[in-house]
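In: output the structure for:
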Amino acid sequence: MKNIPPKGSSPLPSAVRRRTLPLMVFSQFAGTSLWFASNGVMGDLQAAFALPGSALGHLTSAVQLGFIAGTLVFALLTLADRFSPSRLFFWSALLGAACNLGMAWGGNSLWTLVALRCATGFFLAGIYPVGMKIVADYFDRGLGASLGYLVGALVLGTAFPHLLRGAPGEMPWQGILGATSALAALGGVLVLSLPDGPYRKPMQIPDPAAFLKVFGTRGFRRAAFGYFGHMWELYAFWAFVPILLQTYKAMHPGAGFGISLWSFLAIGAGGPACVLGGYLSRGLGEERVARAALILSGCCCLLCPWALYWDSTGLFLAFLVFWGMVVIADSPLFSSLVARNAPAEQRGTALTIVTCIGFAITIVSIEMLGGLLGNLQTPLSFLVLALGPALSSRVLGKDK
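Out: Model prediction:
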């Protein structure tokens with residue numbers, strides 16, 4: 001049964017509905033630019049604060065850990081379903097921007113940076129899943145395509161610090177942190193101007209067990225477990241794209257390309273792929289398109305160790321961009337399936353708890369891949385990423 005606006009409520013002006021998706025797309029891009037801000041300036045942070053080589057994994061995992069803690073708190077308190085999601089997004093963007101800017105303080109150490117990254121991740125829990133909740137409250141039909149734009153914005157936001165780092169003029173690393181913080185704050189202010197969506201159904205009584213109840217339906221579990229396998233691969237790939245590029249340059253001294261620029265292109269290519277996947281799902285079905293993307297990204301995991309030995313730089317870069325497209329193309333489709341299979345009054349909590357578990361999985365895969373690369377020092381370590389797509393495609397391949 002489709003969700004309809006509550007009786008007695010007046011429909012929102014058409015002008016508000018028309019500007020909602022573009023505004024949310026920009027604001028999601030702006031807010032999520034905080035996610036990999038430290039990765040975009042990692043070399044500078046290591047030099048400025050004498051950080052060890054393992055800092056990349058620690059700071060990336062700190063964001064994920066903070067995000068998990070934030071989504072767990074948001075889900076237990078059912079914040080996105082009890083309070084205005086626009087206000088929740090606004091305050092989360094402002095506080096996340098402040099924590100991100102704190103990395104520019106000259107007295108930082110590894111542990112203060114880890115704490116700041118963890119706090120930034122906590123407030124990102126009020127940006128990414130809450131942004132999806134806002135869009136789901138506005139758009140009943142074509143939700144997969146709408147979320148495709150939103151997740152595409154997340155991808156571009158994640159890649160944005162790499163673009164700033166690789167841009168001509170060599171912006172100082174403190175300037176990159178300042179720019180991403182200002183952008184996130186702007187996104188929060190813009191979202192504050194949005195009224196609550198017509199399909200929002202507020203939760204009247206707090207229900208701490210709501211995040212468990214949503215797993216009671218098979219359709220929801222199917223979508224959730226498909227998403228979990230997808231997440232095993234996604235953030236580990238994003239975190240180690242610069243490492244892949246550095247490894248290729250070390251193995252092929254004649255290769256001439258900018259690591260920051262191609263990190264942005266490899267990650268950012270997923271933005272248009274999310275939009276394309278959303279539109280393809282209209283005719284082919286969300287599960288079918290998601291499973292195809294999982295299979296293709298799983299093949300890239302298996303091919304990766306051998307791609308590093310290719311003598312053609314162009315072919316290797318094209319492979320990395322293609323991987324960046326298929327690794328994320330299924331994400332908005334899983335989010336749409338999760339939203340559709342959750343009760344309207346628990347939709348925000350459902351999206352939040354599934355996202356929470358998914359990001360907990362990313363810490364395991366990031367740390368495992370980092371440990372394998374550090375101890376074995378072989379490109380074969382990337383094969384471990386194929387486990388996620390293999391399991392998820394198997395879940396989607398079973399009969400409903």
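In: got the buried residues for the longest helix along the chain?
Out: Looking across the chain with DSSP state H, the single longest helix is helix 218-251. Neighbour counts over helix 218-251 (16 or more other Cβ atoms under 10 Å) mark 220, 222-245, 248 as buried. No exception for glycine: its C-beta is placed from N, CA and C like everyone else's.
In: average pLDDT for it?
Out: Averaging pLDDT along helix 218-251 gives 91.
In: show me what that helix is packed against.
Out: Contacting helix 218-251 under the criterion 3 or more Cβ pairs under 8 Å, 6 or more residues apart in numbering; DSSP states H and E are the following elements: helix 55-76, helix 259-268, helix 286-307, helix 313-326, helix 331-340, helix 347-376, helix 387-397.
In: quick check: angle from the last one to helix 286-307?
Out: Meaning helix 387-397. 150 degrees (axes from the mean of the first three to the mean of the last three Cα atoms, to 10 degrees).
In: so how far is helix 387-397 from its chain's centroid?
Out: 20 Å (Cα atoms, centre = their mean, to the nearest Å).
In: same check, this time on stretch 333-345
Out: With Cα atoms, centre = their mean, you get 17 Å for stretch 333-345.
In: same question for it, mean pLDDT?
Out: 81.
In: now stretch 197-211
Out: Here stretch 197-211 scores 64 as its mean pLDDT.
In: same check on stretch 164-184?
Out: Rounded mean pLDDT across stretch 164-184 is 87.
In: can you list the buried residues in it?
Out: 164-166, 173-174, 176-181, 183-184.
In: how far away from the center of its chain is it?
Out: With Cα atoms, centre = their mean, you get 20 Å for stretch 164-184.
In: and if you look at stretch 295-306?
Out: 20 Å.
In: got the contact list for that stretch?
Out: 233, 244, 319, 322-323, 326-327, 378-380, 382-383, 385-386, 388-390, 393 (Cβ atoms under 8 Å, 6 or more residues apart in numbering).
In: report the buried members of those residues.
Out: For the contacts of stretch 295-306, buried by 16+ other Cβ under 10 Å: 233, 244, 319, 322-323, 326-327, 379, 382-383, 385-386, 388-390, 393.
In: mind checking which of the helices and strands packed on helix 218-251 is nearest Leu143?
Out: helix 331-340 (4.9 Å; Cβ to Cβ).
In: picking up where we left off before, out of the helices and strands packed on helix 218-251, which gets nearest to Tyr128?
Out: Of these, nearest to Tyr128 by Cβ to Cβ is helix 347-376, at 6.8 Å.
In: buried ones in that closest one?
Out: 347-363, 365-370, 372-373.
In: picking up where we left off before, which one of the buried ones among the contacts of stretch 295-306 sits closest to Ala75?
Out: Nearest to Ala75 among the buried ones among the contacts of stretch 295-306 is Gly388, at 22.3 Å by Cβ to Cβ.
In: spatially nearest residue to that closest one, not counting backbone neighbours?
Out: Closest residue to Gly388 apart from its sequence neighbours, by Cβ to Cβ, 6 or more residues apart in numbering: Trp232 at 2.7 Å.
In: also Ser27?
Out: When the adjacent residues along the chain are set aside, Ser27 lies closest to Gly187, with 3.6 Å between them (Cβ to Cβ, 6+ apart).
In: same question for Gly144.
Out: In space, Gly144 is closest to Ser336, 4.1 Å off (Cβ to Cβ, 6+ apart).
In: try Leu234
Out: Leu234's closest residue in space is Val327 (Cβ to Cβ, 6+ apart), at 5.6 Å.
In: ok, Met42 - contacts?
Out: 55-56, 59, 242.
In: where's the dip in pLDDT among those?
Out: Leu56 (75).
In: identify the residues contacting that one.
Out: Leu56 touches 39, 42, 239, 243, 370, counting by Cβ under 8 Å, 6+ apart.
In: mind doing that once more with 7 Å?
Out: Met42 (Cβ atoms under 7 Å, 6 or more residues apart in numbering).
In: that one and His252: what is the separation?
Out: Distance of Leu56 to His252, computed by Cβ to Cβ, to the nearest Å: 22 Å.
In: cool, and Leu23?
Out: Taking Cβ to Cβ, one finds Leu23 at 44 Å from His252.
In: returning to that earlier point: next one: the longest helix of the chain to chain centre, how far?
Out: That offset, for helix 218-251, works out to 10 Å (Cα atoms, centre = their mean).
In: kindly report the same for stretch 279-293.
Out: 20 Å.
In: kindly report the same for stretch 131-143.
Out: For stretch 131-143, the distance to the chain centre is 17 Å (Cα atoms, centre = their mean).
In: which outside residues touch that stretch?
Out: Against stretch 131-143 from outside (Cβ under 7 Å, 6+ apart): 2-3, 17, 20, 24, 28, 80, 85-86, 89, 146-147, 150, 194, 196-200, 335-336, 339-340, 347-348, 351.
In: now a ChimeraX select for only the buried ones of these.
Out: Buried subset of these, written as a ChimeraX selection, criterion 16+ other Cβ under 10 Å:
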select :3,20,24,28,80,85,86,89,146,147,150,194,196,197,198,199,200,335,336,339,340,347,348,351
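In: pretty sure the residue nearest to Ser27 contacts Ser33?
Out: No: contact criterion Cβ atoms under 7 Å: Gly187 and Ser33 do not qualify, at 8.5 Å.
In: what helix or strand does Leu154 sit in?
Out: Assigned by DSSP states H and E, Leu154 belongs to helix 143-166.
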